[in-house]
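Trainee: for reference, the sequence and a predicted model appear below.
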Amino acid sequence: MKKDILIYILLALILAFGIYQYSSRPNIACVQLGKVYDEFEMKKQLEGKYKNISNARKVQLDSLELHLKALSNIIVSMNEKDPLRQEKINEFEYKKQDYLQKKKTFGEDNQQTSKMYEEEVWKQLNQYITDYGKEKGYTCVLGANGTGAVMYIQQSSDVTDAVITYVNNKFKGLK
């Protein structure tokens, strides 16, 4: 009888230990960062804003370039001895410098704007993914981005689609 009780106690301890081990193991998830980034609504909105800014600058440069070509054609068609020719050449040089300066400035501004938007998106995504991990009770959410940090993960641990839905709802102010 004592032997049976000891066996039951031992089995209960083993079962309790197994349950403890199972319940205390880390809850880990994996997210495909590239996919989350590409499908994040905030990224799409800022990308649209960037395209509008970039296109407006391109239109302005195209207009200046067209004006330069027209001015060049006028200069080429003018008689070498025409007193207005030098005036047109000076105007052309001035507008050419203006065009080149704007082209450089716009290029730098486009790069800076693109970088700023990308940083804004990643900052917001990091916060939303942190919130997601806390709300879902994960001890760790790994970002799989093809750099070798995560080489394999079971498909059941991949919460990429759920995170995409979550971050987009959070961005839209939905629960």
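Mentor: Great, that's in hand.
Trainee: helix, strand or coil for the residue nearest in space to the middle of the chain?
Mentor: Taking CA atoms, centre = their mean as the criterion, Glu118 is the residue nearest the geometric centre of the chain, at 4.6 Å. Classification of Glu118 into helix, strand or coil gives helix, according to DSSP: H, G, I helix; E, B strand; the rest coil.
Trainee: and the helix or strand where Tyr99 lies, how far out from the chain's middle?
Mentor: Remark: Tyr99 resides in helix 83-136, with elements defined by DSSP states H and E. Taking CA atoms, centre = their mean, to the nearest Å, one finds helix 83-136 lying 16 Å from the centre of the chain it belongs to.
Trainee: could you point out which element follows it?
Mentor: Heading C-terminal from helix 83-136 (DSSP H and E), you reach strand 140-144.
Trainee: and that following strand, what's buried?
Mentor: Applying a neighbour-count criterion of 16 or more other CB atoms under 10 Å, one finds Val141, Leu142, Gly143, Ala144 buried in strand 140-144. For every residue, glycine as well, the C-beta is placed using N, CA and C.
Trainee: pLDDT of the following helix or strand past that strand, averaged?
Mentor: Next helix or strand after strand 140-144 toward the C-terminus (DSSP H and E): helix 160-172. With pLDDT averaged residue by residue, helix 160-172 scores 93.
Trainee: how much does helix 160-172 deviate in direction from strand 140-144?
Mentor: Inter-element angle recorded for helix 160-172 and strand 140-144: 100 degrees (by axes from the mean of the first three to the mean of the last three CA atoms, to 10 degrees).
Trainee: on that earlier part again, quick one, grab the pLDDT at the residue nearest to the centre of the chain.
Mentor: At Glu118 the predicted local distance difference test score is 96.
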